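Novice: Got a sequence here, can you model it:
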Amino acid sequence: PDLRYGYILKPNLQLNVSNYSSPVFKDKLSSWAIVSDSIGNRISLKSPKGQDFEADGRVLHVLGDSTSFGWGVNFKESYPQMFKEKINQSKKKSKLIVKNYSTPGFTSYQGRLLLGDKVKVKKDDIVLVSFGANDAYPSIKSDQKYFQLRNSLLGKISWSLNRLKLYKWLKSIFLYFPEHTISETKNRRVSLEEYKKNLKFIFSSILKEGGTPIFINICNDGEYGIAAENEAKALDISFYNFPENFKPYLSKIHYLYPEKFVNYFEAYGKILEKENQLIFLFPDLCHPNSIGHELIADIIILEDKLFQ
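Specialist: Residues are numbered from 1 along each chain as shown. Got it, this is the predicted structure:
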């Protein structure tokens, strides 16, 4: 739990996950790990040094949710890490340092807070921004309202009490009238108008510091996806819409990433013929699998004007 953000990744975490999307494929998909360092940054199990948060140089900042975090894949398979590795292998490009602040469940509201608190953009830095799916999620109160409640005097007292085991037990034995269920509310975690304002603020702040923002639109369709595209185009910012950008590569996957393709073919079999998005995405048809993550990195490097 965290007063400012609501929650953050638990420090010194080491969790092996066998499945998260569909129990049908639990024994067919590879397990993956969530490992964090002493301050809650996601790191690789095999690389205790983790992310280069203290290093200097040209930085690839990442502001996003579970898709940028790499939910479903190991740390080194997430697209920010794949992007870094591919750029650093090219002798024509200056080496990049990755600082990934993405956290599952985060919205553009938390992204805006992060930009003011932790993310220090310098000239020539690249910032991958990816918010939307969680912003549009139904909620009784907005993220901003929850933030205000948490940080009020009563909210801070309640926050402290909630961390006491006795208080939690007492609270659990009393009956109370529930609030409206989420399905009954028309409210969103971040309203469409606030979403637009947050993106505009994030983009403008990055540009002001001399950085280059790139918007990665994943699992964010409908009016929120349209709004993100419009805000990006208004400031001449590159906009990539996944899984739409995956489609031209559909017939090439088996020879671009043969080992990964075989692994997913063995997991899904003939289901792939009916639902070919499973080549790029997990069964929730939202989060990219390891092929999707690597392809995101390849598409940005191949197509973005910044790398031409």
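Novice: What's the end-to-end length of stretch 115-133?
Specialist: Chord length of stretch 115-133, first to last residue, is 19 Å (Cα to Cα, to the nearest Å).
Novice: let me fix that: stretch 84-101
Specialist: End-to-end distance (Cα to Cα), stretch 84-101: 15 Å.
Novice: In that stretch, which residues are buried?
Specialist: By neighbour count on 16 or more other Cβ atoms under 10 Å, the buried set for stretch 84-101 is 84, 86-87, 96-101. In short, each C-beta sits where N, CA and C put it, glycine included.
Novice: just stretch 120-127 next, same as before
Specialist: Neighbour counts over stretch 120-127 (16+ other Cβ under 10 Å) mark 121, 125-127 as buried.
Novice: Please save the CA atoms from that stretch in PDB.
Specialist: Extracted C-alpha coordinates of stretch 120-127, given in PDB (Å, rounded to 0.1, in the frame of the first residue of the first chain):
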ATOM      1  CA  LYS A 120      13.500  13.000 -14.500                       C
ATOM      2  CA  VAL A 121      13.500  13.400 -18.300                       C
ATOM      3  CA  LYS A 122      16.600  14.900 -19.900                       C
ATOM      4  CA  LYS A 123      17.300  16.100 -23.400                       C
ATOM      5  CA  ASP A 124      17.300  13.300 -26.000                       C
ATOM      6  CA  ASP A 125      15.700  10.800 -23.600                       C
ATOM      7  CA  ILE A 126      12.900   8.600 -25.000                       C
ATOM      8  CA  VAL A 127       9.700   8.100 -23.000                       C
END
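Novice: ok, and what's touching it?
Specialist: Here stretch 120-127 makes contact (Cβ atoms under 8 Å, 6 or more residues apart in numbering) with 58-63, 96, 115, 119, 205-206, 209-214, 306.
Novice: So which of those residues belong to strands?
Specialist: Among the contacts of stretch 120-127, DSSP state E puts 59-63, 212-214 in strands.
Novice: Check the buried residues of stretch 84-101 for the minimum pLDDT and say which it is.
Specialist: Lowest pLDDT of the buried residues of stretch 84-101: residue 96, 84.
Novice: That one touches residue 88, doesn't it?
Specialist: Yes - counting by Cβ atoms under 8 Å, residue 88 is a contact partner of residue 96 at 6.1 Å.
Novice: Mind checking which of the ones in strands among the contacts of stretch 120-127 are buried?
Specialist: 59-63, 212-214.
Novice: Residue 190: which of these is nearest?
Specialist: Top of the list for closeness to residue 190, among those and by Cβ to Cβ, is residue 63 at 14.1 Å.
Novice: what about that closest one, distance to residue 131?
Specialist: 7 Å (Cβ to Cβ, to the nearest Å).
Novice: which residues are in contact with both of the two?
Specialist: residue 111.
Novice: what's the helix or strand for residue 98?
Specialist: Here residue 98 sits within strand 97-100, counting by DSSP states H and E.
Novice: Determine how far stretch 226-235 lies from the middle of the whole chain.
Specialist: 19 Å (Cα atoms, centre = their mean, to the nearest Å).
Novice: How about stretch 236-244?
Specialist: Chain-centre distance of stretch 236-244: 15 Å, with Cα atoms, centre = their mean.
Novice: mind starting the numbering at 488 from now?
Specialist: That works, and once the first residue is 488, the last one we named lands at stretch 723-731.
Novice: Name the residues that touch that stretch?
Specialist: Under the contact criterion Cβ under 8 Å, 6+ apart, stretch 723-731 has outside partners 690, 700-705, 712, 715-716, 719-720, 764, 767-768, 775, 779, 783, 786-787, 791-793.
Novice: Mind giving me the PyMOL command for buried ones among these?
Specialist: This is how PyMOL selects the buried members of those, with burial counted by 16+ other Cβ under 10 Å:
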select buried, resi 690+700+701+702+703+704+705+712+715+716+719+764+767+768+775+779+783+786+787
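Novice: Just the ones of the contacts of stretch 723-731 in strands?
Specialist: In strands, judged by DSSP E, the following of the contacts of stretch 723-731 are found: 700-705.
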